[in-house]
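S.K.: need coordinates for the following:
(chains A and B)
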2 protein chains.
Amino acid sequence: MSGDRPTEDGLIARFFAPLAGLGADGMRDDAATLTPSPGCDLVLTADAIVAGVHFFPDDPPASIARKAIGVNYSDLAAKGAAPRGILLTLALPDDWTEPWLEAFAGGLRDSLAAFGGALLGGDTVRAAGPLTIGVTALGEVPTGAMVRRMTAQVGDAICVGGSIGDAALGLLLRQSPPPDWAASLGGEARDVLVDRYWHPRPRLGLAPVLRRHARAAMDISDGLAGDLAKMLKGEGRSALIRVADVPLSPAAARAVTLRPDLMATVLTGGDDYEILCAVPPDALAACLAEAQALGLPLRPIGMVTAGEGPPVFEAANGLRTFFGAGSFSHF
Amino acid sequence: MSGDRPTEDGLIARFFAPLAGLGADGMRDDAATLTPSPGCDLVLTADAIVAGVHFFPDDPPASIARKAIGVNYSDLAAKGAAPRGILLTLALPDDWTEPWLEAFAGGLRDSLAAFGGALLGGDTVRAAGPLTIGVTALGEVPTGAMVRRMTAQVGDAICVGGSIGDAALGLLLRQSPPPDWAASLGGEARDVLVDRYWHPRPRLGLAPVLRRHARAAMDISDGLAGDLAKMLKGEGRSALIRVADVPLSPAAARAVTLRPDLMATVLTGGDDYEILCAVPPDALAACLAEAQALGLPLRPIGMVTAGEGPPVFEAANGLRTFFGAGSFSHF
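M.R.: The predicted structure is shown next:
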């Protein structure tokens, strides 16, 4: 490291101490304290993102920070939890720059301000490899109320929030050269889709609705088809999904109209960071109404069925398909 | 990734699910729950280690796991905390192998069994760079009892536990070719020092003693001189250290006898993972007695003094020296 680079302590004081939460003592200690609110459990999750795998090295640094927070807070939302804070581990490549780090820290600050929680600790190391950002996120739920992943039952309605496939299409649009359908799509739709790739929207507003009504939930990070298979795996459960009911944004719908084969990308592509949940039939109406009232509509797209094998996706014309190992996986 | 490599889910099920703690549901969910014991705060810390920076890529995988746990639990010990668990983020290089991962998971299991806590979550990503292992460790202390780093006062005794410098000498002995004094040192002493480099010993037994008696504490990870400076920074405090009182292992003492200039390595080298603490004079006797009774002796090596500037190290012959920016830093 060149002599005029700041020390790790200098970096922390300049960029990260301003983000420190209560209990983190301005990052001047080796650990932070945290106590869940009375009557609450902590909910813990960790997800790392890697340059060249989960984001492009030249993505805006503030967007990379937003993604690091968003992918973790999306897990908290799906578990019914409210964020308390994060610990951040930055493995910086040799060519990091102070302007980059400043913009990254700004994105971190804005994301924490928008979504809640504070910086509680972390570590900064050099690694002669791609930029790797590890986040451990801590949230809380009323004691015993974390929404589980594996607890869906046959007959439950399967619902998703937001819109599916935008980020996967946005990822395609980020490629160089862009795909041939990019020009026909138009600039506004392109921007929407790339924005969805850059800026996950953790659906934290849905957390209390999921706690009240969902039997099982997870966030969709590796594609609807694969994550649904993951949610139902190993218990003699499968699902029948009505493809026509899967919510698409206007931009994604336009892309699929231009190129119908993109529907497979929509259903299997990663980075949605939308909620996938299983809701008992007798709770469905209240669940949908409460989500609607929050401006975060959930859409029923199918049902948990008895059986083995991957979820079945049924098109409006009755054609059925499934995606065997079709889950997008970053690993 | 080659087609016959297991999926991330497969890796988790095979290697990490057996280590899952209560609240982690066998790693079959996207998050874990944790509730501190009644009357306790959680203590959070995160430290990452990187191949080629913090360990050698060909170090035994179980030792690398032990180091990843040890460096974090050492922070918990210094803060007076008892471990509850960890979240683990593994950024695997392209050439990872299943036998390596199996041995690593075995080391993780053994370290958690020895030191307490369980695996609560994590993430496994590929990164085309050096193996990077991020750990977030969670411990707990009675409410409000975390031992702080920055709270030492002028007149406090400065104490350290264990022995200082072993790991820094062990690191030198791991180099190829080994240093010229290695042969004279003898095989047994060499093994002791390399073992200390590989296997940090988090001094968790001292945690309650520190809570009762220490005014400030931290673990020594970046060298005694530098970490002491860090503990006293910015408050008109310095320290006077009696070099002859700094505890050396027989192996380190032998190395310093062979090559007196290695004393600078002992005082500034990293990876001790011993406790450094400041103890008010009226608590010193009880503090030392309790540590002694636990078989984890603390040794007073000097005193917090009024003044600016780095800690002063005074040799038996009265010669005084200091280490300006002499702290070993991994960054």
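S.K.: closest residue of chain A to chain B?
M.R.: residue A:129 (1.2 Å; CB to the nearest CB). (C-beta placed from N, C-alpha, C; glycine too.)
S.K.: what is the burial count for that residue?
M.R.: Neighbour count of residue A:129, defined by other CB atoms under 10 Å in any protein chain shown: 24.
S.K.: next one: phi and psi at it?
M.R.: The phi/psi pair for residue A:129 (degrees, to the nearest 10) reads phi -160, psi -170.
S.K.: what sits against it?
M.R.: A:91, A:93, B:91, B:93, B:127-130, B:132 (CB atoms under 8 Å, 6 or more residues apart in numbering or on different chains).
S.K.: relative to residue A:113, which of those is nearest.
M.R.: Comparing those against residue A:113 with CB to CB places residue A:91 closest, at 25.1 Å.
S.K.: show me where chain A has strands.
M.R.: Under the criterion DSSP state E, chain A carries strands at the ranges A:32-34, A:40-50, A:82-92, A:118-126, A:132-142, A:157-161, A:216-220, A:237-242, A:274-279, A:298-306, A:312-314, A:320-321.
S.K.: possible to save those strands as a markdown table with mean pLDDT?
M.R.: Output for the strands of chain A, formatted as a markdown table (pLDDT from 0 to 100):
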| stretch | mean pLDDT |
| --- | --- |
| strand A:32-34 | 95 |
| strand A:40-50 | 96 |
| strand A:82-92 | 96 |
| strand A:118-126 | 93 |
| strand A:132-142 | 98 |
| strand A:157-161 | 98 |
| strand A:216-220 | 98 |
| strand A:237-242 | 97 |
| strand A:274-279 | 98 |
| strand A:298-306 | 98 |
| strand A:312-314 | 95 |
| strand A:320-321 | 92 |
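S.K.: one step back: can you select the buried ones among the contacts of residue A:129 for me in PyMOL?
M.R.: The PyMOL selection below is limited to those of these classed as buried (16 or more other CB atoms under 10 Å in any protein chain shown):
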select buried, (chain A and resi 91) or (chain B and resi 91+127+129+130+132)
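S.K.: which two in the contacts of residue A:129 are spaced the farthest apart?
M.R.: Largest pairwise distance in the contacts of residue A:129, by CB to CB, is 14.3 Å, between A:93 and B:93.
S.K.: a markdown table for the strands of chain A, including distance to chain B?
M.R.: Formatted as a markdown table, those follow (distance: least, CB to the nearest CB, whole Å):
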| stretch | distance to chain B |
| --- | --- |
| strand A:32-34 | 4 |
| strand A:40-50 | 4 |
| strand A:82-92 | 4 |
| strand A:118-126 | 5 |
| strand A:132-142 | 4 |
| strand A:157-161 | 16 |
| strand A:216-220 | 5 |
| strand A:237-242 | 14 |
| strand A:274-279 | 11 |
| strand A:298-306 | 17 |
| strand A:312-314 | 21 |
| strand A:320-321 | 22 |
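S.K.: and the ones you listed as CSV, adding distance to residue B:179?
M.R.: Below are these laid out as CSV (distance: least, CB to CB, whole Å):
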stretch, distance to residue B:179
strand A:32-34, 39
strand A:40-50, 37
strand A:82-92, 30
strand A:118-126, 25
strand A:132-142, 33
strand A:157-161, 61
strand A:216-220, 52
strand A:237-242, 62
strand A:274-279, 58
strand A:298-306, 65
strand A:312-314, 65
strand A:320-321, 65
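S.K.: so who does the residue nearest in space to the middle of chain A touch?
M.R.: The structure's chain A has its C-alpha centroid closest to residue A:273; by CA atoms, centre = their mean the separation is 3.1 Å. The contact partners of residue A:273, taken as CB under 8 Å, 6+ apart, are A:70-71, A:74, A:167, A:200-203, A:219-221.
S.K.: switch the cut-off to 6 Å
M.R.: By CB atoms under 6 Å, 6 or more residues apart in numbering or on different chains, the contact list for residue A:273 reads A:74, A:200, A:219.
S.K.: next one: residue A:206
M.R.: Residue A:206 neighbours (CB under 6 Å, 6+ apart): A:275, A:296.
S.K.: can you pull the pLDDT of it?
M.R.: Looking at residue A:206, its pLDDT stands at 98.
S.K.: could you list the low-confidence segments of chain A?
M.R.: A:1-5, A:324-331 (pLDDT under 70).
S.K.: okay, now the domains of it?
M.R.: Chain A breaks down by automatic domain parsing into domains covering A:8-142, A:157-321.
S.K.: most packed of those?
M.R.: With neighbours taken as mean count of other CB atoms under 10 Å in any protein chain shown, the domains of chain A reach their highest mean count in domain A:8-142, at a mean of 22.
S.K.: what about that one, start to end distance?
M.R.: Taking CA to CA, to the nearest Å, the first and last residues of domain A:8-142 lie 37 Å apart.
S.K.: chain center to that domain, what's the gap?
M.R.: 14 Å (CA atoms, centre = their mean, to the nearest Å).
S.K.: now do stretch A:298-317
M.R.: With CA atoms, centre = their mean, you get 22 Å for stretch A:298-317.
S.K.: quick one on the thing from earlier: dihedrals phi and psi, the residue nearest to the centre of chain A?
M.R.: Dihedral angles (degrees, to the nearest 10) for residue A:273: phi 50, psi 40.
S.K.: and it, how far is that from residue A:227?
M.R.: 11 Å (CB to CB, to the nearest Å).
S.K.: do the same with residue A:202
M.R.: 15 Å.
S.K.: repeat for residue A:164
M.R.: 11 Å.
S.K.: what's in contact with stretch A:283-291?
M.R.: Counting by CB under 6 Å, 6+ apart, A:157, A:209, A:213, A:279, A:297-298 sit against stretch A:283-291.
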